[in-house]
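J.: sequence plus the predicted model coming up.
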Amino acid sequence: MGKARVVLEWFEEHTDEFHLMFWPPNSQDLNRMEHIWDVMDQQLRAQTPPCPNISTLRDRCLDIWYNLSPVMCQKLVASMFGRVAAVLKARGGATRY
């Protein structure tokens, strides 16, 4: 069973606690945070030794977050106009991004 199905089943079992919104995956090209999470994940996994506890993990994540390249973030922002245009042209479908 895939992770997505496990998560959906959990939400179905707890429907009285949460409102599950339908959110189609057609606009992933517009989610620049995914790129940032990938960069952070790569940097975190490159560190040795692995985090021994949650507190260390939190500290390392914050350190990586506060030291993200401003140039990278500026490029992500600058790419949004082209990304939005590409998604609109593809009518929400896949793009080259």
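T.: Looks like it came in fine.

J.: this structure: helices as residue ranges?
T.: Ranges of helices in the chain, per DSSP state H, are 3-13, 32-46, 54-66, 70-78, 80-89.

J.: those helices into JSON lines, with extra columns for mean neighbour count and distance to residue 95?
T.: All C-beta spots, glycine's among them, are computed from the backbone N, C-alpha and C. Shown next, in JSON lines, are the helices of the chain (neighbours: other CB atoms under 10 Å; distance: least, CB to CB, whole Å):
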{"stretch": "helix 3-13", "mean neighbour count": "10", "distance to residue 95": "22"}
{"stretch": "helix 32-46", "mean neighbour count": "12", "distance to residue 95": "14"}
{"stretch": "helix 54-66", "mean neighbour count": "12", "distance to residue 95": "28"}
{"stretch": "helix 70-78", "mean neighbour count": "11", "distance to residue 95": "15"}
{"stretch": "helix 80-89", "mean neighbour count": "13", "distance to residue 95": "4"}
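
J.: relative to residue 19, which of those is closest?
T.: Proximity to residue 19 (CB to CB) singles out helix 3-13 among the helices of the chain, at 9.6 Å.

J.: low-confidence stretches in the protein?
T.: Within the chain, the set of residues satisfying pLDDT under 70 comprises 1-3, 20-29, 97.

J.: which residue is nearest the centroid of this structure?
T.: Nearest to the geometric centre of the chain sits residue 34, at 2.9 Å (CA atoms, centre = their mean).

J.: quick one: it from residue 17, how far?
T.: Distance from residue 34 to residue 17, counting by CB to CB, to the nearest Å: 27 Å.

J.: again, but for residue 48
T.: Distance from residue 48 to residue 17, by CB to CB: 39 Å.
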